[in-house]
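Engineer: pasting a predicted model and its sequence here:
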Amino acid sequence: MERLLDRGISNPLEVIEQITYLLFLRRLDDLQTLEELKAQRLKKPIERRIFPEGKDPRKMPYEQLRWSKFKNLEPREMYTVVSEHVFPFLRTLGGDESTYAHHMKDARFTIPHPGCSRKSWT
């Protein structure tokens with residue numbers, strides 16, 4: 001948290017908001033992993049897919065939007081994936097009419113630059 005405050009986000013509530021989004025992303029990945037393991041164990045298709053198959057509108061595979069994938073990227077690449085792909089994905093998750101979409105429609109990635117990334121997030 002100190003790193004984010006020192007590097008450009010001056011409002012502690014905004015820092016907490018950004019950390020909350022990142023924790024939520026990690027949880028989504030954990031839920032997808034559980035679904036994959038369940039499907040594998042039962043030898044059935046995944047019942048509840050959070051990260052769809054295919055690519056996002058900017059041609060990034062949805063698989064790359066998972067915490068377990070982007071957390072190991074170089075900071076600049078991680079920053080790009082999260083700001084240009086993950087957050088737009090978050091804003092559309094659940095469909096246009098869902099309660100979730102209503103609450104996430106204004107989700108913003110406000111971490112100011114890649115220097116605030118990896119050590120602050122992982």
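Structural biologist: Sure thing, it's come through.
Engineer: what strand or helix carries the closest residue to residue 92 other than its chain neighbours?
Structural biologist: For residue 92, ignoring the flanking residues on the chain, the nearest one in space by C-beta to C-beta, 6 or more residues apart in numbering is residue 101 at 6.9 Å. All C-beta atoms are positioned from the backbone trio N, CA, C, and that covers glycine. Assigning secondary structure by DSSP states H and E places residue 101 in helix 99-104.
Engineer: tell me which residues of that helix come out buried.
Structural biologist: Neighbour-count burial for helix 99-104, with 16 or more other C-beta atoms under 10 Å as criterion, is recorded at residue 104.
Engineer: repeat for stretch 25-45
Structural biologist: By 16+ other C-beta under 10 Å, the buried positions in stretch 25-45 come out as 25, 26, 28, 29, 32, 35.
Engineer: picking up where we left off before, my read: the residue nearest to residue 92 touches residue 107, true?
Structural biologist: No. Between residue 101 and residue 107 there is no contact under C-beta atoms under 8 Å: 10.2 Å.
Engineer: which neighbours do the two share?
Structural biologist: Residues touching both residue 101 and residue 107 (C-beta atoms under 8 Å, 6 or more residues apart in numbering): residue 91.
Engineer: how far is stretch 23-38 from where the chain is centred?
Structural biologist: Average the C-alpha atoms of stretch 23-38, do the same for its chain, and the two points are 11 Å apart (C-alpha atoms, centre = their mean, to the nearest Å).
Engineer: same check, this time on stretch 13-27
Structural biologist: In terms of C-alpha atoms, centre = their mean, the centre of stretch 13-27 is found 9 Å from the chain centre.
Engineer: report the buried residues of it.
Structural biologist: When burial is assessed from 16+ other C-beta under 10 Å, stretch 13-27 yields the following buried residues: 15, 18, 21, 22, 25, 26.
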